[in-house]
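1. Got a predicted structure plus its sequence, pasted below:
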Amino acid sequence: MTGETSTHLKVPATDEERSACLGPEGSAAHVIRVVRMMQGRWKLPILFRLYADPVLRSSQLRRDMPGISQKMLTQHLRELEQDRLIERTDFGEKPLRVEYRLSERGRRLLPVLMAARAFSAEHPG
C-alpha cells in the first residue's frame, strides 16, 4: 500500500467506523454470513465437486464422497440451494431424476475458496 491508509487495519475509533466493521451490515457480519453458508462437513466437498463437474446427480455426488449418508447429502444440498449457491433441476420423471449445478452466485464464490486454499497452503499448521 503506497501512501494509502486502510481503515480495515485500524481499530475503529468512532461509532460510525465501528458500525462499518462490526454493525449488522458491517464487514464482520458479511464474512460471518459467507462462513455460515459453508458450515457443515460436506458442503465444501459438494461445492468443489460441482466446480469440477458442472452438472451432477445426487447419486454421483454420494459415490464421489464415501462416508456421506443420503440424509446428510440431502440436507446439505437443500441448505446450499437455500443459500442460492447451487441450483436443483427436477425433471419430474419416474424414477426421480434430479440434477445439481452451481448457481452464478456459487461460481462467484470459487475465487474466495481458492484464496482460502492458497492462504492455507502458505500457512501450514
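-> Received the coordinates, thanks.
2. From residue 113, how far out is the residue most central in space within the chain?
-> The structure's the chain has its C-alpha centroid closest to residue 38; by C-alpha atoms, centre = their mean the separation is 4.3 Å. In this view, residue 38 and residue 113 are 8 Å apart by C-beta to C-beta, to the nearest Å. (Each C-beta comes from the backbone N, C-alpha and C, glycine too.)
3. could you pull out the helices for this protein?
-> Using DSSP state H, the helices of the chain run over 15-22, 27-37, 43-52, 58-64, 70-82, 104-122.
4. Turn those into JSON lines, columns for mean neighbour count.
-> Shown next, in JSON lines, are the helices of the chain (neighbours: other C-beta atoms under 10 Å):
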{"stretch": "helix 15-22", "mean neighbour count": "13"}
{"stretch": "helix 27-37", "mean neighbour count": "12"}
{"stretch": "helix 43-52", "mean neighbour count": "17"}
{"stretch": "helix 58-64", "mean neighbour count": "15"}
{"stretch": "helix 70-82", "mean neighbour count": "15"}
{"stretch": "helix 104-122", "mean neighbour count": "12"}
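5. Of all these, which one is nearest residue 95?
-> helix 58-64 (10.8 Å; C-beta to C-beta).
6. What ranges in this structure fall below the confidence cut-off?
-> 1-13, 19-20 (pLDDT under 70).
7. I figured residue 81 hits residue 89, correct?
-> No: with contact defined as C-beta atoms under 8 Å, residue 81 does not count as touching residue 89 (10.8 Å).
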